[in-house]
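> I'll drop the sequence and a predicted model, then ask my questions.
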Amino acid sequence: MGEPPTRNRVVITGMGVVAPNAVGLDHFLKAIQQGISGITFHQNLKDLNFSCCIGGIPDVSEELKSQYLTPLQLRGFNSSGILYGCMAGIDAWKDAGFSVHAETLVDYDTGMVFGTGTSGIEKFREAIYKLDDKKVKRLGSTVVIQTMASGISAYLGGILGLGNQVTTNSSACTTGTEAIYMGFERIQRGKAKRMLVGACSDDGAYIWGGFDAMRVMTYKHDDTPEKGSRPMSETASGFVPGSGAGALVLESLESAMERGANIYAEVLGGDINSGGQRNGGTMTAPNSEAVQKCITNAMKDAKILPDQIDAINGHLTATIKDPTEIENWTIALQRKGSDFPYINSLKSMIGHCLAAAGTIESVATVLQLKHQFLFPNINGEDVHPEISKLIDSEKIPTQKRKTELNIIAKASFGFGDVNGCLIFRRYKS
Amino acid sequence: MTREEFITTLKKIVQPYIQDEEAFHNLTEDTDFINDLKINSANLVDVILDVEDEFDIEIDNDSMEKMLSVKAAIEIIESKLAS
């Protein structure tokens, strides 16, 4: 056994985001600094007898759509997740300094992991009605590409001409965080110079209905939508559904330096694991031991110590599980009270964007490092007593806070008892 | 419907799918959908659906396989309209 091969350092050189409270990176930065909520009331949910009639849907005009997809691509198009994913992915690619046109050569050095939970659910509904009406021929050519899980990576891969691994991952609400980790590993191992990583999630009744039926979404804020998503609050009463996409261009430090690319931050390390639905873990609840292991393994992978973490961007969905998550962080980091890092949850502004959550929230995390601030955890004024027993309330910023940040940990947890944790570091040249 | 009228209608139908503007501009009866207009073969089924809607006809699988050029399309549409 010789020395282990050198691992490439991995940096972030481009980002794109389509979120309920802002579309586009510049708007998103302003929105999260100002604590702007993207949660609104949706009459169609009310009409369908939903208990929770509020949610986060990005504001995308027809005109904006046509800047990303051709008239042919938009013909018979009915997949909001693919739309959001393409927009975020194209933005991230351009932000990294690359151009987008059909004549570019195949880029065999760049690949993609772009996740989703389910694809084109509205398109699928359309197709099922036609099928049951015995009109299978009338489906045309657009159903498969919009409803296959890998629809998003297939669309984006062709638009950008990527020639390395092009795939879609899926692990419930861990999907986005896992996509980043998978791309990071591939560059570390020297299998690709760049990986476009991201995740997207459809919006609306057909994707959110199952959660409404499980009674895990809040039904108390139909009249006060912006107050509905309350991570870490004593009055949290369930999550608020969201949708959208986030995308990041990961690149080996060497390649980024060669190109003279703008570097947002470094991905120092991370971990992905599962609690096996044992030791308290179930299909829908995490095994705390596995959560703690995921966090400690991520720190080990990043070669950092717990007290180097300046802030945490939590999963924190505003359900009864928030205090458990905080407890898991205190155990994994062996830090509590006033020694605990700052912690916030973007879900307070945009709701739970399900499969896309991890990437949208990672974009926010990286912006915090780049611009040295913490976004406000809105609706968190009344900290849950079980949380304030564990950590000082002042560690949960309710206003934007300027502060020096070098390392932020980001975690996501998903149904199926799956966990993901990433360690991001401020990049100083 | 005259041949010219058929061609005008077909031009309108195929326009969203074509990827060769020049061949589209010079479209004649002899124009081939895939080789000349560079229509993606997967989109041919969408062209057929649009033809069905426009002329209120149903195009069976055998006819569909033959519908690869403007000329073949016109012949098939005419025969369906006549039957």
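That came through, no problem. Numbering: from 1, shown residues only, chains lettered A, B, ... in the order given.
> and the closest residue to chain A within chain B, how far is that from residue A:151?
Across chain B, the shortest distance to chain A (Cβ to the nearest Cβ) belongs to residue B:42, at 4.4 Å. Yep, even glycine has a C-beta here, placed from its N, CA and C like the rest. Going from residue B:42 to residue A:151 by Cβ to Cβ, to the nearest Å gives 14 Å.
> More neighbours: which of the two?
residue A:151 (23 against 13; other Cβ atoms under 10 Å in any protein chain shown).
> List the residues that contact the more buried one.
A:79, A:82, A:116, A:119-120, A:145, A:168 (Cβ atoms under 8 Å, 6 or more residues apart in numbering or on different chains).
> now with 10 Å?
A:79, A:81-82, A:85, A:114, A:116, A:119-120, A:123, A:144-145, A:168, A:200 (Cβ atoms under 10 Å, 6 or more residues apart in numbering or on different chains).
> Quickly note the distance from it to chain B.
14 Å (Cβ to the nearest Cβ, to the nearest Å).
> Now that residue: closest residue in space that isn't a chain neighbour?
residue A:119 (4.4 Å; Cβ to Cβ, 6 or more residues apart in numbering or on different chains).
> same check, this time on residue A:422
residue A:270 (4.1 Å).
> Next, the contact list for the residue nearest to residue A:121 when sequence neighbours are not counted, please.
Excluding its sequence neighbours, the residue lying closest to residue A:121 (Cβ to Cβ, 6+ apart) is residue A:206, at 4.5 Å. Listed by Cβ under 10 Å, 6+ apart, the contact partners of residue A:206 are A:48, A:118, A:121-122, A:124-125.
> Tell me the spacing between residue A:206 and residue A:124.
Counting by Cβ to Cβ, the gap from residue A:206 to residue A:124 is 8 Å.
> now do residue A:255
39 Å.
> what kind of secondary structure is residue A:424 in?
strand (DSSP: H, G, I helix; E, B strand; the rest coil).
> tell me which residues form a beta bridge with it?
residue A:267, residue A:408 (DSSP bridges).
> Just give me the neighbour total for it.
29.
> ok, residue A:80 touching residue A:243?
Yes: counting by Cβ atoms under 10 Å, residue A:243 is a contact partner of residue A:80 at 6.6 Å.
> more neighbours, the two?
Shown here are residue A:80 and residue A:243; by other Cβ under 10 Å, residue A:243 has more neighbours (31 against 25).
> ok, the residue of chain B closest to chain A - contacts?
A:140-142, A:144-145, B:17.
> How confident was the prediction at residue A:104?
Predicted confidence (pLDDT) for residue A:104: 87.
> nope, residue A:3 is what I meant
57.
> now do residue B:34
96.
> Next, count neighbours for it.
Neighbours of residue B:34 (other Cβ under 10 Å): 13.
> from memory it sits against residue B:44, does it?
Yes: assessed by Cβ under 10 Å, residue B:34 is found in contact with residue B:44 at 7.4 Å.
> and for the two, which residues touch both?
Shared contacts of residue B:34 and residue B:44, counting by Cβ under 10 Å, 6+ apart, come down to residue B:68.
> Kindly confirm my reading that the residue nearest to residue A:121 forms part of a helix.
Yes: under three-state DSSP, residue A:206 sits within a helix.
> Let me know whether residue B:50 touches residue B:12 as I believe.
Yes: counting by Cβ under 10 Å, residue B:12 is a contact partner of residue B:50 at 9.1 Å.
> before we move on, back to that, what residues sit buried inside the helix or strand where the residue nearest to residue A:422 lies?
Counting by DSSP states H and E, the element that carries residue A:270 is strand A:265-274. Buried positions in strand A:265-274, judged by neighbour count with 16 or more other Cβ atoms under 10 Å in any protein chain shown: A:265-274.
> Which other helices and strands does the helix or strand following it contact?
Counting by DSSP H and E, the element after strand A:265-274 in chain order, helix or strand, is helix A:288-302. Applying 3 or more Cβ pairs under 10 Å, 6 or more residues apart in numbering or on different chains; DSSP states H and E, one finds that helix A:288-302 contacts helix A:175-188, strand A:265-274, helix A:322-333, strand A:407-414, strand A:418-426.
> Please give me every residue in contact with the residue in the stretch 251-400 of chain A that chain B sits nearest to.
Among all residues of the stretch 251-400 of chain A, residue A:355 sits closest to chain B, at 26.7 Å; criterion: Cβ to the nearest Cβ. Listed by Cβ under 10 Å, 6+ apart, the contact partners of residue A:355 are A:81, A:115-119, A:168-176, A:178-179, A:199-202, A:207, A:243, A:245, A:412, A:414.
> repeat for residue A:310
Contacts of residue A:310 by Cβ under 10 Å, 6+ apart are A:341-342, A:368-369, A:374, A:403-409, A:425-426.
> in the stretch 301-429 of chain A, which spans are strands?
A:311-313, A:342-344, A:373-374, A:401-402, A:407-414, A:418-426 (DSSP state E, counting those that start in this stretch).
> Please settle this for me: is residue A:17 part of a strand?
Yes: assessed with three-state DSSP, residue A:17 lies in a strand.
> Which pLDDT value goes with it?
Note on residue A:17: pLDDT of 99.
> What of the one 10 residues further on?
At residue A:27, the predicted lDDT confidence score is 98.
> in terms of contact, does it touch residue A:21 like I think?
Yes: between residue A:27 and residue A:21 there is a contact at 8.7 Å, judged by Cβ under 10 Å.
> more neighbours, these two?
Each of residue A:27 and residue A:21 has its neighbours counted (other Cβ under 10 Å); residue A:21 has more, 26 against 15.
> tell me the contacts of that one?
A:27-28, A:30-32, A:34-39, A:56, A:58-59, A:226, A:242, A:244, A:346, A:349-351, A:360.
> Which ones among the residues you listed map onto helices?
Counting by DSSP state H, the contacts of residue A:21 place A:27-28, A:30-32, A:34, A:349-350, A:360 in helices.
> Out of those residues, the closest to residue A:298 would be?
Ranked by distance to residue A:298 (Cβ to Cβ), those are led by residue A:360 at 19.5 Å.
> With adjacent residues omitted, what lies nearest to that closest one?
residue A:246 (3.8 Å).
> Chain A contacts on chain B?
With Cβ under 10 Å from any Cβ of the partner chain as the criterion, chain B meets chain A at residues B:15-19, B:39-50, B:52-53, B:58-61, B:64.
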